[in-house]
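Trainee: Show me the folded form of this:
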Amino acid sequence: MQQADDGSTNNSQERTLVTDGEPTQQEPEVLTLTEASNFICVSPRTMERYVQEGLIPHVRLPRRGKRALIRFLRPELSRWLRARMVRPLNFKHDGGYR
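Mentor: As a prediction, the model looks like this:
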């Protein structure tokens, strides 16, 4: 349990992630649907659709009530984004394509 500057406590478990050898700010490795949608800059509804269509890596937790909880792993989302990166065509500096 961590104590915040205002004296309140924070029960969240956070880890320092290392990217390209440089530590980044403390970020949780396991994300909720809302956190994951913010991470990849889409709406929560779009994220739900990606899950329903099996387009994005996710973890389905045991069912409680009507719906199962969905979680996302930050490193998996990063890999998923990198795999979809569009590389630019060869571009000449004078404004035209080669």
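Trainee: all contacts plus neighbour counts: C-alpha atoms, from now on.
Mentor: Will do.
Trainee: can you map out the helices along this protein?
Mentor: Secondary structure of the chain (DSSP state H): helices at 33-39, 44-52, 74-83.
Trainee: which of these sits most buried?
Mentor: Across these, averaging neighbours per residue (mean count of other Cα atoms under 10 Å) puts helix 33-39 on top, at a mean of 17.
Trainee: who does that helix touch, helix- and strand-wise?
Mentor: Helix 33-39 makes packing contacts with helix 44-52, strand 67-73 when contacts are defined by 3 or more Cα pairs under 8 Å, 6 or more residues apart in numbering; DSSP states H and E.
Trainee: model confidence over the longest one, on average?
Mentor: On average, the pLDDT along helix 44-52 is 96.
Trainee: What of the shortest one?
Mentor: With pLDDT averaged residue by residue, strand 67-73 scores 89.
Trainee: next one: stretch 89-96
Mentor: Per-residue confidence for stretch 89-96 averages out to 66 on the pLDDT scale.
Trainee: and stretch 37-46, how far apart are its ends?
Mentor: Between the start and the finish of stretch 37-46 there is a gap of 8 Å, counting by Cα to Cα, to the nearest Å.
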